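Participant: Quick one, fold the following:
(one chain, ligands or ions: 1)
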Amino acid sequence: MNQSIPTKKPRVAILISGRGSNMMSLVEAAKTSGYPAEIALVIANRPEAPGLEWAKAQGLPTLGMDHKLYENRAHFDGQLTGVLQTAKIDLIALAGFMRLLTEDFVTTWRDRLINIHPSLLPSFKGLNTHQRALDAGCKVAGCSVHFVRSKMDVGPIIAQAAVPVHADDSADTLAARVLEAEHKIYPNALAMVASGRAKVIGEQVKIADAINQHMTLFSPKLP
Ligand code: GRF
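Facilitator: Take a look at the predicted model:
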């Protein structure tokens, strides 16, 4: 008889700093049956982050860790690793977590730490991505989910989505279009990592049985 052995879902911690709309998309996805990860903890480095209140109201374990109360970056990151290990966290998803992480932290969580960035990496690392895409005259913009390495917004790419740039876009209208795509690809990317389908091999992500499932193209309508 072919009996499947029940396996435990990886426990995910989501780290936020603000409104947490990407965190919400991960939490909602994880509620659906068959989703291969459990959201076990939401942490904010700004205790007043609106996203933390939302997570609390969902009945999720939450923690505000005010980074200003720690001696330095290494102290904060060390305590953070302690909290995550005590909570038996397997994977970390950064979702608008506006803090650089130390090399030690990134090494400890190597290939178990992912981030979403609002550009088509490796273009437009850092801040103000939408205005910079407009200033460069880009005709497409988008977002990327990637494994975290010690350099900012660098690391093996798991999933990307492209969206059109409209002639009359402002940074805000473009940001809203990209954000909608972020909410689609982040839950998919986390699922691929949590289920073991997405693996880092030679600093690139290989996806098992994927026929372009890691890429969503929102094509502009042709005339
Ligand atoms: C998103 O655009 C994300 O890509 C970037 O910061 C923003 C956070 O938004 N890293 P939210 O807090 O998830 O709504």
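Participant: remind me, longest helix of the protein?
Facilitator: Scanning the chain for the helix with the most residues, using DSSP state H, yields helix 171-194.
Participant: Pull out the buried residues from the helix or strand just after it.
Facilitator: Sequence-wise, the next helix or strand downstream of helix 171-194 (DSSP states H and E) is strand 198-201. By neighbour count with 16 or more other CB atoms under 10 Å, strand 198-201 contains the buried residues Ala198. Just so you know, the C-beta spots here come from the backbone N, C-alpha and C atoms, and that holds for glycine as well.
Participant: following strand 198-201, which helix or strand shows up next?
Facilitator: strand 204-207.
Participant: Pull out the buried positions in that following strand.
Facilitator: The neighbour-count check on strand 204-207 (16+ other CB under 10 Å) flags 205, 207 as buried.
Participant: do stretch 30-46 as well
Facilitator: 30, 35-37, 39-46.
Participant: again with stretch 64-83
Facilitator: 65, 67, 70, 76-78, 80-81.
Participant: go on, stretch 115-123?
Facilitator: 115-121.
Participant: What count of nearby residues applies to the closest residue to Phe97 other than its chain neighbours?
Facilitator: Leaving aside its sequence neighbours, Phe97 sits nearest to Leu15 (CB to CB, 6 or more residues apart in numbering; 4.1 Å). Number of residues near Leu15 (other CB atoms under 10 Å) recorded here: 24.
Participant: Tell me the residues of this protein that contact the ligand?
Facilitator: 16, 18-22, 95-96, 116-118, 143, 179, 182 (CB under 6 Å from any ligand atom).
Participant: nearest to the ligand, of the buried residues of stretch 30-46?
Facilitator: Ala44 (10.0 Å; CB to the nearest ligand atom).
Participant: how close does the residue of the chain found nearest the ligand sit to Cys138?
Facilitator: Nearest residue of the chain to the ligand: Gly96, at 2.7 Å (CB to the nearest ligand atom). With distances taken as CB to CB, to the nearest Å, Gly96 is found 22 Å from Cys138.
Participant: show me where pLDDT drops low in the protein?
Facilitator: Along the chain, the parts satisfying pLDDT under 70 run over 1-6, 210-223.
Participant: Which parts of it belong to which domain?
Facilitator: Following automatic domain parsing, one gets these domains for the chain: 9-109, 116-223.
Participant: still on that earlier bit, which pair in the buried residues of stretch 64-83 spans the largest distance?
Facilitator: His67 and Thr81 (14.0 Å; CB to CB).
Participant: could you pull out the helices for this protein?
Facilitator: Counting by DSSP H, the helices of the chain are 21-30, 50-57, 73-86, 103-108, 129-135, 171-194.
Participant: quick one: the shortest one to chain centroid distance?
Facilitator: If you compare the mean C-alpha spot of helix 103-108 with that of the full chain, they lie 17 Å apart, counting by CA atoms, centre = their mean, to the nearest Å.
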